[in-house]
Each structure stands twice: as C-alpha cells, then as structure tokens.
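Asks: sequence and predicted structure, then a few things I'm wondering about:
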Amino acid sequence: MSLSPLNVNCVGQFSINQGLYINPNASNIMGSSTGLDDYSGGTLANINSLGDLMESISLAYGLIGTDGTNNVSQSVYDSLISIGSTTIPALGMSIPSTYTTTVSRQLARYGFFRLFALQAHNEFYLNNGSYKDFLQSFGTCYASHTHINNAIKSMNSADTYLLGSYSNMNDLITGDITGVSLSTVTWGTDLIASGRAIDLTNISMFGQPDVLLRTLYNKRCITSALNLALISTNISTSDLNSIFNGVLATPDQQRLIYAAFNIIVGKDLADILLPLNCQTVGLTSLADLLDPMKLFPNSYSTLTYPIYNATLNSPTNSKTYYLIYKDGSVNFIQNFNLGIDLASYLPRDLAFSCGAFRLSMLQIKNIQNMDIEKFSQVVTHLEPVSDLTLVGGTNVPTDINSAVSGISMVANGTNSDGTYNMTDFFGVITDMRYDWNRLHDLMYQLQSAALSSIYQNMFSLLNLHSTPYNSQLTTLINSANTEINNILTNNPAVAQELNTLYEQFGTLLQSEQAARTEVLGDTTNLRGSSVDIINFMNTIGQYAQDTSTNGPALVLENIANTSTIGGSSLIASMREARNVLKLGLTGAILDNNANNNALVLPPVSGTMSSLGIPIITGAAIVPGSLAGSPQVNLIPPNLSIFNTPSNTKAVITPAQAVQQIITCNCDCWITD
C-alpha cells in the first residue's frame, strides 16, 4: 500500500517522536512520573494537601531503618502508606483492596496515584521513549486482542452455536458433504469418473431425463445416434429444440426421452461418454447416467439422505440419515415420498433413489453454484473425523466443559463478555478508561481542613528532621485515620461512591498491567524500527474503521496531539481511510488500494496404492483428447488426501461408511 500525503506527514513526525502524547486531561489530574524515584502530583495533590502526604511518604521511605530515634521503622512506614485503607483509601492514597498485585515499599513511596502516572510513562515512553517502540506495541496489542476476542466470542457462544441445526462433526467440517457419503474418497473418485454427467446447477431436478439431455446438449455430446433414438420415440424436432433451449419437458416427453436413453448402448454410448469425460465402469446404456447405483458403482452403498428432526435433543440431533441402498437394492422407507414427481416416467425404485440423492445433495450449501469437476476433486480429498473421539450425543458441536475452561483462562478483558478493547492495553494514557474527572470531583467534595493540617504537619516533621520520628508519625497517622473515619460518617453517600470508583481504578489498573504482560511480555526487550512506523500507517485503515467503544480509532484520537502536524495528520489519516471505504461502496477506483497477486497452485501428486483404492484424476481417457477435466490439478499437494497426516484414518471405506450409519442410527430405522 502506498502512503498518502497525510500518511507521509505521520511517518515523518513519528520518526522524530512528535505528534502523540499522554492525554493531557488524565496527566493533569494524575500527575507524571518517569521512574521509581520521582513523581510530580497532578491536581489531586491539591486536595486535602495530598501533595504533603506524598512528600511525607517519600521522605519516610528514605528514612527507613532500625534506629528508632533517627529513622522510620518499616512498620510505621507501612502504616503511613495505609492511611484510610479501611474507610476511604483514596483520601490516604493507600492501595485499594481490589489491587492485589504486590507493591514494593519503594513503588509505594508516593502513594497509589503515582502507580498510574508511572504506568502511563512506561506505556508511552517504552525503553528510550521512541515512537518506534510504542507503535510496535500498539500494533501487537491490536492484532492480539483481535485474535483473542474471536476465540472468546466462539467460547461464549459454545452452548448456543448451531443449536437446532447441528447434525454431526463430519457434516460440520465438510459442509454437509459427508451427509451424502461418509466414504468421501470412494464417492469422490466415482464422481471424478462420472466427468460432466451431473449438472450441479440443476441438481434439484436430478433424475429428470430432460435435465440430462440438456447437459449433453450443452457439453456438445449429442450424437447422430442419440438424435435418431429421440426421433424414433416420436418426439418432434421442434419439441427437442425447445427442450434443448431450456423448456421443461412434459411427463410424456420425459418418458420418451428416458426410453431413448435406454436405446443408446455399446459404441453409441461410448461416443457420448468420451466428450462427456465419463470414465465410469459398467455403464450399459445412457439411461444409467440417471441411476445413482450405476453412476457410482463403488460407493452407491454408502449414499445417504437426511430427514430433519422436528424436536431438539434427538439422538441424531438435527438430522437422521438413512441409506439409499441396502443389501444391493433400494431401501424404501415408509411415508417418505421421495421422488414421487419422477415416478410417472421412471421406475419407482429409480425415482426413489434419484429423489433421495438430490435431497441429500441439496443440503450442501451453495451446491448449485459449484462446478462438478472441482466438486469431485475436493470431495475425494476431504477428511472425515469418525476415527477420533470428539463430542457426541449433544445438540451443539462444542464440548461445553472445554469452552468453560477456555473462557476462564482467556476472557479477562473489561468488555461485558470478557473480550478486550484497546484501553485494556493503553487505558492509562487516555482519559477514556479511568474516570479521573469524577474521582477528582468526589475527593474535592470530601475536603477537610483538619485532614489537610495533619498532612502538612507530617511533611514538616519529616522535612525538618524533627526526631524522634516513629512516635510523632504514629500519632499523626492515627489522627488522619480518625479524621477520615469522621468524613465517612458525615458523608456516607459521597464516600461510598468514591470507594466504589477507587476500587474500580484498582481493578482496571491491575487488569491493564496483566493484559500487557500477557501480550507484550517484558517490554524492556521491545525494540521497534522505522519499519514499525510504516507498518503502523499501512494498517491505519484497520484502526480507523474500528470505531467501537474504547477501540483503536478512539484511543488514537485521544492521544493525538493536534497542536502538531503529526497528531493532526493522524486523525486526518483515519478520516481519509474511512472515506476510502465509503467511496469504495460507490465503485470508485482508488489509487491507494493494495494489489494482490494470485497464488498459482502446483499440481497434485501422490498415490493411493497403500489404501487399495485406484486413483481417478479426471484426466482424458485418450491422450491428447479435449475431453479431459481442467480441474485435474485443483488440489495442491499440501491439501491432498494422499499427503495429509493420518490420511489412512481419514479415508472411510464403503463398508465402514455403511456400518457407521447403521450403528449410529440403529434405533431410527423405519422399514417396510
């Protein structure tokens, strides 16, 4: 993707670390910190003289020792950093109970608010403060959260996904093709051998002689012998031309066409099968192309058709499969009037089997838009999973226990369904995740002159080195706790709202740190490059169109410094990207669309000799014949059934396919 002028502005500005910043509203309230040993308090420091408390904690940390006169004991220091922890912890800047990550005494030396400022610095000024590192981390987090969210959503929907429509795992992973035959390799090779005899665009009318006749006409397989046979049945030339051009034949005409097909045998049959690229063994007349038993000589016994269950929790879920053939003949099922429309011109057993076959084929999604020769190649290489221990006997495809285990492990985002948003990784550098304004307002409402005086006295004590420290500090700490308790008593509603919000701050900060560790690991080893800046701008379209709550578009706008060319160009680049998508809906040709080169697939290679099944590729019978299938090399080697791991287990023989249907549905058979 080429860069637009706005993109170039961003690349240039970001390369000199200009255009972005920690959101000024958040920074103004929480303050700033560049390391463990410094903190400049924000506007929160002005409330109740919290700035004096922060400085007192810092001074006390430097005085920690064992000399009770000239030092502050560790226990007194711990009490100092826990002021108000059991009443209103925000008024003492103590750590809320919801933040369970271990905080060292050094990290706590400026109070809990410093943790946010330091976290913001660590997120934005990674390592040496280069935008290269930051933008690399942004791209990594965005890609990871997208992948994780997809997994979480799948696990969340496990108990309802495909509820009422799920049949079995083989159907699910093969697009219901195994619902026609579980023995995909055998049926697939039969399909390949049948060449172009089946017209999938008209599979809903399989068995109608006029459909086969039009297929032969469209494939230029109408011979003089077939013309003569048709005329001999008293079908007029004008009627034939109409049928060739798409007019549906009448039942009487269907009967006559079928009779003509039965006349075509021997060399006359071979003359039609050759351009049709039909290599099926054992065909005796052209009418056999309407007979699934003759059309699929090696796999007809595996063919099944579905009957959909009207209620949930059926032993066979949404469908019960029945064999079309049993013991070498059609397996008629009472009350299943399959092929009844064909029975007026086809033998009843043939009408039933054709009706059952077309019903089975129609369950395959989009089947009528597929090419038969591509379809045949793919069927041959499909891999069922009947040999594997998977979910069984349930009306959804997912093992619910597994889904629950997975959710508990990964669904740790702050969205209501456990998914992640971008503020889960970059919340503290924005003012979107933490409600700093409301926190400031609630703390302002709870101002106390007495508490402010206590914190000022603490600072004076430690700053002027008024030893001994421990006894005097303990007295002041106790006084602060008493005053905060009085504030709670006098302002219960405001105090409760503040406590709830403060606890939320603790939860959010801990989850943000955990999310970043999960995705980025140790960021001290993160090193970006100029390529990361370019990659960031090349993917700006993805960020721009994700305008969801707390999504990347909102996060980037929140940290874009619009007083610089880079920040303004970043926001403009996202608007440009969204405009590109909108204009594209009109069919406009845009210069900044990426070009994709088509992948050329290598030919299939391999052998099935170890499986005892002959290879049918669809290649022409006669070398150099134009009748060969152009889809012979459709399946690339890495997807070939011949080269796939455990392929011998994935291949189901006809006998195995029949037995699995009988075993699975033994309680569901309906016989005459």
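Replies: Arrived safely, thanks for sending. Being a predicted model, the structure only gives us computed values, none of them experimental. Numbers count the residues shown, from 1 in each chain.

Asks: looks like residue 487 contacts residue 91 (just checking).
Replies: Yes: here residue 487 lies in contact with residue 91, judged by CB atoms under 8 Å, at a distance of 6.8 Å. In this view, the C-beta of every residue, glycine as well, is placed from N, C-alpha and C.

Asks: which of these two has more residues huddled nearby?
Replies: Higher neighbour count among residue 487 and residue 91: residue 91, with 28 against 24, using other CB atoms under 10 Å.

Asks: in contact with that one, which residues?
Replies: Contacts for residue 91 (CB atoms under 8 Å, 6 or more residues apart in numbering) come out as 48, 50, 83, 84, 443, 446, 451, 484, 487.

Asks: quick revisit: now the common contact residues for residue 487 and residue 91.
Replies: The contact sets of residue 487 and residue 91 overlap at 446, 451 (CB under 8 Å, 6+ apart).

Asks: give me the contact list for the helix or strand where residue 293 lies.
Replies: Here residue 293 is covered by helix 292-295, with elements defined by DSSP states H and E. By CB under 8 Å, 6+ apart, the list of residues contacting helix 292-295 from outside reads 190, 194, 197-198, 280, 282-284, 288-289, 300, 303, 324-325, 353-354, 357.

Asks: got a quick PyMOL command for the buried subset of these?
Replies: Per 16 or more other CB atoms under 10 Å, the buried members of these correspond to this PyMOL selection:
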select buried, resi 190+194+197+198+280+283+288+289+300+303+324+325+353+354+357
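
Asks: run through the stretch 351-500 of the chain and note the low-pLDDT ranges.
Replies: Of all residues in the stretch 351-500 of the chain, those with pLDDT under 70 make up the ranges 391-393.

Asks: who's in contact with the residue nearest to residue 406 when sequence neighbours are not counted?
Replies: Residue nearest to residue 406 in three dimensions, not counting chain neighbours: residue 155, with 4.8 Å by CB to CB, 6 or more residues apart in numbering. Contacts were defined as CB under 8 Å, 6+ apart; by that measure residue 155 touches 398, 403, 404, 406, 407, 410, 411.

Asks: rerun that using 7 Å as the cut-off
Replies: Contacts were defined as CB atoms under 7 Å, 6 or more residues apart in numbering; by that measure residue 155 touches 403, 406, 407.

Asks: whichever strand or helix holds the second one packs against which elements?
Replies: I take that to be residue 406. Using DSSP H and E, the secondary-structure element containing residue 406 is helix 400-410. Using 3 or more CB pairs under 7 Å, 6 or more residues apart in numbering; DSSP states H and E as the contact criterion, the secondary-structure elements in contact with helix 400-410 are helix 131-156.

Asks: report the buried residues of the helix it packs on.
Replies: By neighbour count, and taking 16+ other CB under 10 Å as the criterion, the buried residues in helix 131-156 are 131-142, 144-145, 148-149, 152, 155-156.

Asks: can you name the element that comes right after it?
Replies: Reading on from helix 131-156 to the C-terminus, the next helix or strand found by DSSP H and E is helix 169-174.

Asks: with just CA atoms, put the following helix or strand past that following helix into CSV.
Replies: The C-terminal neighbour of helix 169-174 among helices and strands, as given by DSSP H and E, is helix 184-193. Extracted C-alpha coordinates of helix 184-193, given in CSV (Å, rounded to 0.1, in the frame of the first residue of the first chain):
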residue,chain,number,x,y,z
THR,A,184,-15.6,-39.4,0.6
VAL,A,185,-12.6,-40.9,-1.1
THR,A,186,-14.5,-43.7,-2.8
TRP,A,187,-17.5,-41.5,-3.7
GLY,A,188,-15.2,-38.7,-4.8
THR,A,189,-13.4,-41.0,-7.2
ASP,A,190,-16.7,-42.2,-8.6
LEU,A,191,-17.7,-38.5,-9.0
ILE,A,192,-14.4,-37.8,-10.9
ALA,A,193,-15.0,-40.8,-13.1
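
Asks: contact partners of helix 184-193?
Replies: The list of residues contacting helix 184-193 from outside it, by CB under 7 Å, 6+ apart, reads 177-178, 181, 279-280, 296-299, 302, 376-377, 379-380, 382, 384, 613, 616-618, 641, 651-654.

Asks: so what are the sheet partners of the helix or strand following the helix holding residue 293 and their directions?
Replies: Scanning the chain past helix 292-295 towards its C-terminal end, the next helix or strand to appear is strand 304-308 (assignment: DSSP H and E). When pairs are called by DSSP bridges, strand 304-308 turns out to pair with strand 319-323 (antiparallel).

Asks: residues making contact with the partner strand?
Replies: Outside of strand 319-323, the residues that reach it under the criterion CB under 7 Å, 6+ apart are 167, 179, 304-309, 331, 333, 658, 661, 665, 668.

Asks: re earlier: may I see the buried residues of the helix holding residue 406?
Replies: Under the neighbour-count criterion of 16+ other CB under 10 Å, helix 400-410 has 403, 406, 407, 410 buried.

Asks: now do the contacts for the last one.
Replies: By CB under 7 Å, 6+ apart, the contact set of residue 410 is 148, 151, 152.

Asks: just to revisit the earlier point, so which of the contacts of helix 292-295 sit within helices?
Replies: Counting by DSSP state H, the members of these that fall within helices are 190, 353, 354, 357.

Asks: mind putting those into TSV with distance to residue 72?
Replies: Conversion of these to TSV gives the following (distance: CB to CB, whole Å):
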residue	distance to residue 72
190	88
353	93
354	93
357	88
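
Asks: of the residues you listed, which is the nearest to residue 35?
Replies: Distance from residue 35 was checked for each of the ones in helices among the contacts of helix 292-295 by CB to CB. The minimum falls on residue 190, at 73.3 Å.

Asks: excluding its backbone neighbours, what's nearest the closest one?
Replies: Spatially, and ignoring its direct neighbours in sequence, residue 190 is nearest to residue 296 (4.1 Å; CB to CB, 6+ apart).

Asks: what's the burial count for the one you found?
Replies: Residue 296 has 24 neighbouring residues, counting by other CB under 10 Å.

Asks: equivalent analysis for residue 566, please.
Replies: 22.

Asks: tell me the SS of it?
Replies: Taken by DSSP: H, G, I helix; E, B strand; the rest coil, the conformation at residue 566 corresponds to helix.

Asks: quick check: closest non-adjacent residue to it.
Replies: Counting by CB to CB, 6+ apart, residue 19 is the residue found nearest to residue 566 once chain neighbours are left out, at 2.1 Å.
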